[in-house]
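Asker: what's the 3D shape of this:
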Amino acid sequence: MSKWFGQTFRKLHKLYVSPQWAKAQGERFDAVQYADSLAASAVDCLELYCKDHHGTCYYPASLGLPHPRNILGELLPELKKRDIRLIAYFSVCFDNYALGIYPEWRMVNTLGDPYKLRPFYMASVCSPYTDFALQQLDELVANYEVDGFWLDIIPLARDVRQDLWMIAPHPVPDYSLYAQRAYEAETGEQLPIEPTPEEEDQIFDFMTGKVDDFLNQCYAVIRSHLPEAVITYNAAGAPGDPIDSADLISIEGHAPEYVRQSFNARWAKTRGKPFEILTAGALPRMELGGGWNGFDQKPLKFLQLENAIALAQGGSMVFGQAPYPDGETDEAQFAGLAEVFRPARQIEPWLREPTGLSDVGLVFTPKPRSASRLWGLMQDGAEAFHDALIDMHAQYDIIQLDRDLSRYQLLILPDQAALSDDELERLRSYARAGGTLLASGFSSLWDEKGGRRADFGLADVFGVEYEREAGCEFVYLRLADEALQNGVTALPIVIDEMPLRVSLRAGAELLGDFYGPEVGRSEATTILWGDAGPDADKRFPGIVRNRYGAGECVYIAAPLRSKGMPNAWVKRLMGVLAASLVERPILKTNAPAGVEVVLNQQMGRCVIHLINRYLGSADHVAWGDDNATLRDIELEVDIAGIELEGVDRVYQAPDALLEYELAAGRLSIVLPELNLHAIVAIE
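Answerer: The predicted structure is shown next:
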């Protein structure tokens, strides 16, 4: 059903939004001209707004706010003539037209105040709004033979402290009368006004069930008419998605957060479904919706860089495009897209269905429904290690624990707080058989349902016993191990997170100590504007190495974060620790830290992507500076690790031969020049 989506890489998300107040509403839309421009730009799939957040429908609908033009009906046949697929975008729970007429359908708090995200109200999925939306959807599906559906504004994520990745949160609880009555009918209890943490878990699970039911009704409506249609929704398959029922993984990720876009793509790559990362085509202004409806298209280098990040993992970077409300689109937008999609079309044979060739498994096991309070913590930990690994050019997969772990020299367990007994045993078996673990923070302190354990589930593997949270806002780390001092620093490292108090088990070795500050942070205790210094009387274990079976584990008793200059030493520590625990890396390179290097097995060959993130700097673009081109990048690949019987040729795709040397099982290659994205193929 969805296989075609993963075979092509030139997709556009068209945000035609034309409110009633707009001058000359829809008058300048020309379906033939628009389809011609898409084809000339090498676009092969269009995600088209068919109903927007205002409630405007761009096709004839018996319900909803009508638009003067049937945009879908005019454009669809023109796209079919040019072999361009169409996925229909449908705004679900944002609908200001319907929620203005029926305010009782809105999601509200205990005071009856409606939940609102900037100008848009959110509908309660317990209200009759769902019947309203399903009728609109049925009329769309019955009359237009499109290739798929993209459902937006599905309330998904637990609204706790976390980076929501543009996932629509599901505020808990929803106190609309419809939600209250549904909760009482199902549970026999009234919806609590001040729920306990346990009741919040129960309410979130109930609300998630209602969203799941509604999605299944949407799927049934669509498949009753178009059984082969691809169906997805915003944030489908994202780490915080508690339902994960779509055909495609679809996650938003925006410049200049290129490292996060890479995390999204690497996460999606191992999930077994085609995926897309969606980004605004215009320059991002987060206070105005992230640039989705901007008309100032990003400079070419930004677009090309974002595209390369998704392509390297076998997915699509889907760019937003915003026509004017009168229907016209700047031809300059199409010219920019052509410079992204035409080169992508040339390298598509080297992009399809890759699998990573990796030394490291970065374990990320979010449980956003069963342990919904913890997935944000787990995501933060995984993303931090991703940030460190990407700059040290480690080859790694972001993995769940249901795969063959023996293929990895190192598993990293970064604040993976909620782990099941089965997952714990898989990790023990891996270490017992000779594998190496690097773990941090709260890993294994809760079970898969969010229940707190008395001790770490992996205390025997970590070589420590949990005592309590240390109670200080931050801690100083001093490395005791000489190799770590030389590789990182002998200076105290500030870890600006609350550490954990642990005690060593017999046989465990201390690699570094934590020192609490002499006094806590307050205006009365500041040293000018700084923090109190480390107190030798508040010393406790920080980094511990422990032998377990034939393997070993290094455990750091604090959450680790890598973003920004204040975390520079922490990020280096993470990278140095990981590198020291990989005995024979599959790939080495002299590329600088801002170059992302990805090694894949693909179609019987090995493919190395090199992506120059330096060219995504606004400073380079502002001054037209292309001097970030890099030269003579050396690559050394362990032939035993890439599963090739021999090497017949090495080339830069599509067809530029490269010189190479093969000696002692190591393949040495020099890439003469890297501008923004290069693919080195080994056959």
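
Asker: contact partners for E328?
Answerer: E328 makes contact with R28, F29, D30 under the criterion Cβ atoms under 8 Å, 6 or more residues apart in numbering. Placement of C-beta: from N, CA and C, glycine included.

Asker: can you do 6 Å?
Answerer: By Cβ atoms under 6 Å, 6 or more residues apart in numbering, the contact set of E328 is R28.

Asker: ok so it is a helix residue?
Answerer: No - counting by DSSP: H, G, I helix; E, B strand; the rest coil, E328 is not part of a helix but coil.

Asker: what's next to the worst-scoring helix or strand of the chain on mean pLDDT, contact-wise?
Answerer: Lowest by mean pLDDT, DSSP states H and E among the helices and strands of the chain is helix 618-622, with a mean of 74. In this structure, residues lying in contact with helix 618-622 by Cβ under 6 Å, 6+ apart are P299, K301, A628.

Asker: now for the host helix or strand of F149, which elements pack on it?
Answerer: Taking DSSP states H and E as the definition, F149 sits inside strand 148-152. Secondary structure elements in contact with strand 148-152, counted by 3 or more Cβ pairs under 6 Å, 6 or more residues apart in numbering; DSSP states H and E, are strand 85-91, strand 230-233.

Asker: what comes into contact with the longest one?
Answerer: What that stands for is strand 85-91. Counting by Cβ under 6 Å, 6+ apart, 45-53, 76, 79, 146-153 sit against strand 85-91.

Asker: that one pairs with which strands?
Answerer: When pairing is defined by DSSP bridges, strand 85-91 lines up against strand 45-51 (parallel), strand 148-152 (parallel).

Asker: so which of these is nearest S176?
Answerer: Closest of the strands paired with strand 85-91 to S176 is strand 148-152, at 20.7 Å (criterion: Cβ to Cβ).

Asker: which outside residues touch the top strand by length along the chain?
Answerer: Criterion DSSP state E: the longest strand present in the chain is strand 534-548. For strand 534-548, contacts defined as Cβ under 6 Å, 6+ apart pick out 431, 461, 463-464, 476-477, 492, 501-502, 504, 508-516, 518, 553-557.

Asker: is the spatially most central residue of the chain within a helix or a strand, and which one?
Answerer: When Cα atoms, centre = their mean is applied to the chain, the residue found nearest the centroid is N264 (2.6 Å). According to DSSP H and E, N264 maps onto helix 258-269.

Asker: show me what that helix is packed against.
Answerer: strand 275-279, helix 300-311, helix 375-391.

Asker: gap between that helix and the chain center?
Answerer: From the chain centre to the centre of helix 258-269 is a distance of 5 Å (Cα atoms, centre = their mean, to the nearest Å).

Asker: can you give me the buried ones in that helix?
Answerer: Y258, V259, R260, Q261, S262, F263, N264, A265, R266, W267, A268, K269 (16 or more other Cβ atoms under 10 Å).

Asker: take the residues you listed and write them to a markdown table, including distance to S18 and pLDDT.
Answerer: Shown next, in a markdown table, are the buried residues of helix 258-269 (distance: Cβ to Cβ, whole Å; pLDDT from 0 to 100):
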| residue | distance to S18 | pLDDT |
| --- | --- | --- |
| Y258 | 32 | 95 |
| V259 | 36 | 94 |
| R260 | 31 | 94 |
| Q261 | 29 | 96 |
| S262 | 35 | 97 |
| F263 | 35 | 97 |
| N264 | 30 | 96 |
| A265 | 32 | 97 |
| R266 | 37 | 97 |
| W267 | 35 | 97 |
| A268 | 32 | 97 |
| K269 | 37 | 97 |
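
Asker: and the gap between F319 and A282?
Answerer: 10 Å (Cβ to Cβ, to the nearest Å).

Asker: out of the two, which sits in the more crowded spot?
Answerer: Using other Cβ atoms under 10 Å as the criterion, F319 and A282 rank with F319 on top: 26 against 23.

Asker: just give the nearest non-adjacent residue to that one, would you?
Answerer: Computed as Cβ to Cβ, 6 or more residues apart in numbering, the closest residue to F319 that is not its neighbour in sequence is G281, at 4.4 Å.

Asker: go ahead and confirm that neighbour touches Q321.
Answerer: Yes - at 5.0 Å, G281 and Q321 qualify as touching, with contact defined as Cβ atoms under 6 Å.

Asker: sorry, back to before: next secondary structure after the least confident helix or strand of the chain?
Answerer: Counting by DSSP H and E, what follows helix 618-622 is strand 630-638.

Asker: the stretch 351-500 of the chain: strands as residue ranges?
Answerer: Along the stretch 351-500 of the chain, counting by DSSP state E, counting those that start in this stretch, strands occupy 355-356, 360-363, 396-399, 410-414, 436-440, 464-469, 475-479, 493-495, 500-504.

Asker: of all those, which one is nearest F275?
Answerer: In terms of Cβ to Cβ, the element of those nearest to F275 is strand 396-399, at 12.4 Å.

Asker: who are the packing partners of that closest one?
Answerer: strand 360-363.

Asker: who does the strand it packs on pair up with?
Answerer: Taking DSSP bridges as the criterion, strand 360-363 forms sheet pairs with strand 396-399 (parallel), strand 410-414 (parallel).

Asker: please identify the deepest-packed of those.
Answerer: Stretch with highest mean neighbour count among the strands paired with strand 360-363: strand 410-414 (a mean of 27; mean count of other Cβ atoms under 10 Å).

Asker: list the buried residues of the top helix by length along the chain.
Answerer: In terms of residue count, the longest helix belonging to the chain (DSSP state H) is helix 197-225. By neighbour count on 16+ other Cβ under 10 Å, the buried set for helix 197-225 is 200-204, 206-212, 214-215, 218-219, 221-222.

Asker: before we move on, what about stretch 519-526?
Answerer: For stretch 519-526, a neighbour-count test (16+ other Cβ under 10 Å) marks nothing as buried.

Asker: what is the rounded mean pLDDT of that stretch?
Answerer: Across stretch 519-526, pLDDT averages out at 91.

Asker: with stretch 159-171 instead?
Answerer: Mean per-residue pLDDT for stretch 159-171: 65.

Asker: first to last residue in it, what's the distance?
Answerer: Here the two ends of stretch 159-171 are set 6 Å apart, with distance taken as Cα to Cα, to the nearest Å.

Asker: make 38 the starting number, not 1.
Answerer: I'll keep to 38 as the first residue from here, and by that count the last item is stretch 196-208.

Asker: any low-confidence regions in the stretch 288-437 of the chain?
Answerer: 323-326 (pLDDT under 70).

Asker: if you set the cut-off to 90 instead, what comes out?
Answerer: Along the stretch 288-437 of the chain, segments meeting pLDDT under 90 span 321-328, 330.

Asker: now the helices for the stretch 88-237 of the chain?
Answerer: For the stretch 88-237 of the chain, the helices defined by DSSP state H, counting those that start in this stretch cover 108-118, 133-138, 166-180, 214-224, 234-262.

Asker: which of the ones you listed sits closest to E460?
Answerer: The nearest among the helices of the stretch 88-237 of the chain, by Cβ to Cβ, is helix 234-262 at 20.0 Å.

Asker: dump the helices of the stretch 88-237 of the chain to CSV, plus distance to H657.
Answerer: Shown next, in CSV, are the helices of the stretch 88-237 of the chain (distance: least, Cβ to Cβ, whole Å):
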stretch, distance to H657
helix 108-118, 36
helix 133-138, 40
helix 166-180, 43
helix 214-224, 50
helix 234-262, 43
